[in-house]
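Chemist: Build the 3D model from these lines:
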Amino acid sequence: MWKNILGSWLSMKPGFTKSNPTSATEILRQPIFDNPSVLNTSGIPLGFGGTRDGNAFANHDCTRVKDLWCNVEKDWKSLAKLGMSYHKNNRKSKEDIAESIPWRPDEYTL
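Modeler: Residues are numbered from 1 along each chain as shown. Below is the predicted model of the structure:
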């Protein structure tokens, strides 16, 4: 029941327009969870899919794209750099989150 209510609420925020970021800075500021542009494989914003998608990342304060992106390497940070174990759930969550983010900061200017 709450999933439907939350989905409706997310799509009807007054004054909110969903637009793609136009620079790397805007991308890095994007939240990973509760972002209508960052969806899981079911088309639901990460964190609201009824599963624990990214729970470990949220617990490690990885809540924005900038927390996962390495500007030096121009790629997603490894689990070691995030201070997380290489547990299979963490590896899978990292892959799922990275695939869900529709932008790569290195493709835009700062």
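
Chemist: After the lowest-mean-pLDDT helix or strand in the chain, which helix or strand is next? Please name it.
Modeler: Every helix and strand of the chain was ranked by mean pLDDT, DSSP states H and E. The lowest is helix 2-11, at a mean of 64. Later in the chain than helix 2-11, the nearest helix or strand by DSSP states H and E is helix 24-29.

Chemist: Give me the mean pLDDT for that following helix.
Modeler: Averaged across helix 24-29, pLDDT comes to 92.

Chemist: What is that helix packed up against?
Modeler: Contacts defined by 3 or more C-beta pairs under 8 Å, 6 or more residues apart in numbering; DSSP states H and E place helix 24-29 against helix 65-68. C-beta: built from backbone N, CA, C; applies to glycine.

Chemist: which strands and helices sit next to the helix it packs on?
Modeler: By 3+ C-beta pairs under 8 Å, 6+ apart, helix 65-68 packs against helix 24-29, helix 88-100.

Chemist: can you tell which of those is closest to G43?
Modeler: Among the helices and strands packed on helix 65-68, the nearest to G43 by C-beta to C-beta is helix 88-100 (10.4 Å).

Chemist: how about the closest one as PDB, C-alpha atoms only?
Modeler: Extracted C-alpha coordinates of helix 88-100, given in PDB (Å, rounded to 0.1, in the frame of the first residue of the first chain):
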ATOM      1  CA  LYS A  88      28.900 -10.300  -2.100                       C
ATOM      2  CA  ASN A  89      25.900  -8.200  -1.100                       C
ATOM      3  CA  ASN A  90      28.100  -5.100  -1.000                       C
ATOM      4  CA  ARG A  91      29.600  -5.900  -4.400                       C
ATOM      5  CA  LYS A  92      26.100  -6.500  -5.900                       C
ATOM      6  CA  SER A  93      24.700  -3.400  -4.300                       C
ATOM      7  CA  LYS A  94      27.600  -1.300  -5.700                       C
ATOM      8  CA  GLU A  95      27.000  -2.700  -9.200                       C
ATOM      9  CA  ASP A  96      23.300  -2.100  -9.000                       C
ATOM     10  CA  ILE A  97      23.700   1.500  -7.700                       C
ATOM     11  CA  ALA A  98      26.300   2.400 -10.300                       C
ATOM     12  CA  GLU A  99      24.200   0.900 -13.100                       C
ATOM     13  CA  SER A 100      21.100   2.900 -11.800                       C
END
